[in-house]
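Q: Sequence and predicted structure, then a few things I'm wondering about:
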Amino acid sequence: MYIDTHCHLSTDDYDDINTVIKDNIKNNVLKIIVSGCTLNSFDEAIDISKKYECVYLTLGFHPSEANIITDKDLLILKEKLMYNKVVGVGEIGLDYHFTKDNRDKQISLFRKQLDIATELNLPVVIHSRDATLDTINILKEYNLTGVIHCFSGSLETAEIYISMGYKLGIGGVVTFQNSKLDCVVSSIGINNIILETDSPYLTPVPFRGQKNSSKYIPLIAKKISEICGVPLKYVENTTTSNALSLFDLK
């Protein structure tokens with residue numbers, strides 16, 4: 001069994017969610033964790049998880065929402081996080097790729113959500129883009145576990161996150177020809193990795209350019225098995241065990 005630990009699943013992205021779920025099952029992806037990262041996405045994500053036993057959730061405000069989120073919105077988030085199929089807070093974090101003008105607002109929102117995760121004893125799903133130092137320094141202030149979503153940094157950065165108790169989320173980027181993740185993945189060991197797609201984005205080779213889906217998780221696992229020189233079944237079993245443990249999945 002495979003687990004897609006991070007995907008986006010909504011009627012905006014897919015014409016037929018039922019077909020998506022069936023395709024996942026055909027490809028041995030038997031559990032998925034859907035990320036709701038805007039206020040408007042929470043209720044649909046919860047409804048989907050109620051309809052499909054295999055769907056779990058993480059909820060949180062993406063750093064792109066930093067300019068608009070209010071304290072009232074954070075109260076709504078906290079309430080939604082009480083739902084029994086929510087397994088983490090995220091994706092939350094910092095993103096300076098397009099602008100650093102709202103850095104203080106991003107950091108404030110990040111801290112408030114880390115506080116909520118601490119209070120509710122939930123793991124966190126961390127989005128960090130062009131903000132590595134700030135992300136690490138802030139996370140060091142908290143005693144939390146979680147995953148660094150869509151990790152694409154250096155081996156040094158990977159080792160810092162791992163030493164802090166975080167797993168690395170590895171997705172379709174590892175299959176890209178220009179990816180620099182080979183060295184990182186081969187060096188850190190599969191015990192520190194969980195699989196994700198970030199679908200409908202970041203589709204792995206050979207389907208790059210098409211809409212991504214959780215059904216492609218085995219392609220990511222196959223690439224990791226080739227990089228690390230271990231059997232595919234070992235990648236499947238280890239990453240699944242990592243995800244089950246981190247998110248306390250049954």
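A: Yep, it's here. These numbers come from a predicted model, not from an experiment. Numbering: from 1, shown residues only.

Q: Helix or strand for residue 135, just tell me which one.
A: In the assignment (DSSP states H and E), residue 135 maps to helix 132-139.

Q: just checking, what packs against that helix?
A: Using 3 or more CB pairs under 8 Å, 6 or more residues apart in numbering; DSSP states H and E, the elements in contact with helix 132-139 are strand 86-95, helix 103-120, strand 124-129, helix 155-163. No exception for glycine: its C-beta is placed from N, CA and C like everyone else's.

Q: can you list those in TSV and add mean pLDDT?
A: Putting the helices and strands packed on helix 132-139 into TSV (pLDDT from 0 to 100) gives the following:
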stretch	mean pLDDT
strand 86-95	98
helix 103-120	98
strand 124-129	98
helix 155-163	98
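
Q: mind putting those in CSV, distance to residue 137 included?
A: Formatted as CSV, the helices and strands packed on helix 132-139 follow (distance: least, CB to CB, whole Å):
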stretch, distance to residue 137
strand 86-95, 11
helix 103-120, 10
strand 124-129, 11
helix 155-163, 11
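
Q: follow-up on the earlier one: what distance separates the helix holding residue 135 from the middle of the whole chain?
A: Distance of helix 132-139 from its chain centroid, counting by CA atoms, centre = their mean, to the nearest Å, is 17 Å.

Q: Name the residues of the worst-scoring helix or strand of the chain on mean pLDDT that are buried.
A: Sorting the helices and strands of the chain by mean pLDDT, DSSP states H and E puts helix 181-188 at the bottom, at a mean of 95. For helix 181-188, burial by neighbour count (16 or more other CB atoms under 10 Å) applies to 181, 184, 185, 188.

Q: Switch those over to a markdown table; also include distance to residue 77.
A: Conversion of the buried residues of helix 181-188 to a markdown table gives the following (distance: CB to CB, whole Å):
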| residue | distance to residue 77 |
| --- | --- |
| 181 | 31 |
| 184 | 32 |
| 185 | 33 |
| 188 | 32 |
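
Q: related to what we said a few turns ago, average pLDDT for the helix holding residue 135, rounded please.
A: If you average the pLDDT over helix 132-139, you get 98.

Q: Please identify the buried residues of it?
A: For helix 132-139, a neighbour-count test (16+ other CB under 10 Å) marks 132, 134, 135, 136, 138, 139 as buried.

Q: what residue ranges in the chain score low on pLDDT?
A: Within the chain, no stretch has pLDDT under 70.

Q: at 80 what do you get?
A: Within the chain, the ranges that satisfy pLDDT under 80 run 250.

Q: circling back: show me what the helix holding residue 135 is in contact with.
A: 93-94, 103, 107, 110-111, 114, 126, 128, 153, 157, 160-161, 164, 166 (CB atoms under 8 Å, 6 or more residues apart in numbering).

Q: Which of those sits closest to residue 175?
A: Nearest to residue 175 among the contacts of helix 132-139: residue 153, at 17.5 Å, using CB to CB.

Q: what's the neighbour count on that closest one?
A: Neighbourhood size, residue 153 [other CB atoms under 10 Å]: 17.

Q: Closest one of the contacts of helix 132-139 to residue 174?
A: Closest to residue 174, out of all of these and judged by CB to CB, is residue 153, at 13.0 Å.

Q: Distance of the closest one relative to residue 136?
A: Residue 153 is 10 Å from residue 136, where distance means CB to CB, to the nearest Å.

Q: Now for the nearest residue to residue 103 once chain neighbours are set aside: which residues touch it?
A: Nearest non-adjacent residue to residue 103, counting by CB to CB, 6 or more residues apart in numbering: residue 96, 6.8 Å away. Each residue near residue 96 by CB under 8 Å, 6+ apart is listed here: 103, 106, 129, 130, 131.

Q: Farthest-apart pair in those residues, please.
A: Based on CB to CB, the longest span within the contacts of residue 96 runs between 103 and 129 and measures 12.8 Å.

Q: Could you tell me which residues touch both of these two?
A: In contact with both residue 103 and residue 129: 94, 96, using CB under 8 Å, 6+ apart.
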